[in-house]
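Chemist: Model the following, please.
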Amino acid sequence: MLINSHRSVKAEIDAREENFSICLSLGRTLLNRRHPRQDEVREKCIQTVP
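Modeler: Numbering: from 1, shown residues only. Here you go, the predicted structure:
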């Protein structure tokens, strides 16, 4: 049962991999441009990466 749940979650993450990459790229762009809330952006990027 737990293995099926794991497979389901992994499949969803794999299906959204491109979205994660785009999100992280935008986050890096904001950090490079010294966004006023860069601490928050950095933290969200860290939380996004498994």
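Chemist: show me where pLDDT drops low in this structure?
Modeler: 50 (pLDDT under 70).
Chemist: Can you name the element that comes right after the longest helix along it?
Modeler: Counting residues, the longest helix found in the chain (DSSP state H) is helix 17-32. Using DSSP states H and E, the helix or strand that follows helix 17-32 towards the C-terminus is helix 38-48.
Chemist: Show the contacting residues for residue 35.
Modeler: By CB atoms under 8 Å, 6 or more residues apart in numbering, the residues touching residue 35 are residue 41. Using the backbone N, CA and C atoms, a C-beta is placed for each residue, glycine as well.
Chemist: Please report phi then psi for it.
Modeler: phi -50, psi 140 (degrees, to the nearest 10).
Chemist: gap between it and residue 20?
Modeler: According to CB to CB, to the nearest Å, residue 35 stands 19 Å off from residue 20.
Chemist: how near is residue 46 to residue 6?
Modeler: Distance, residue 46 to residue 6, by CB to CB: 23 Å.
Chemist: tell me what the longest helix of the chain is packed against?
Modeler: In terms of contacts (3 or more CB pairs under 8 Å, 6 or more residues apart in numbering; DSSP states H and E), helix 17-32 is packed against helix 38-48.
Chemist: Show me what the helix it packs on packs onto, helices and strands only.
Modeler: Judged by 3+ CB pairs under 8 Å, 6+ apart, helix 38-48 is in contact with helix 17-32.
Chemist: Please point out which parts of the helix it packs on sit buried.
Modeler: Neighbour counts over helix 17-32 (16 or more other CB atoms under 10 Å) mark 27, 30 as buried.
Chemist: re the thing from before, ok and the longest helix of the chain relative to helix 38-48, angle-wise?
Modeler: Computed by axes from the mean of the first three to the mean of the last three CA atoms, to 10 degrees, the angle separating helix 17-32 from helix 38-48 equals 160 degrees.
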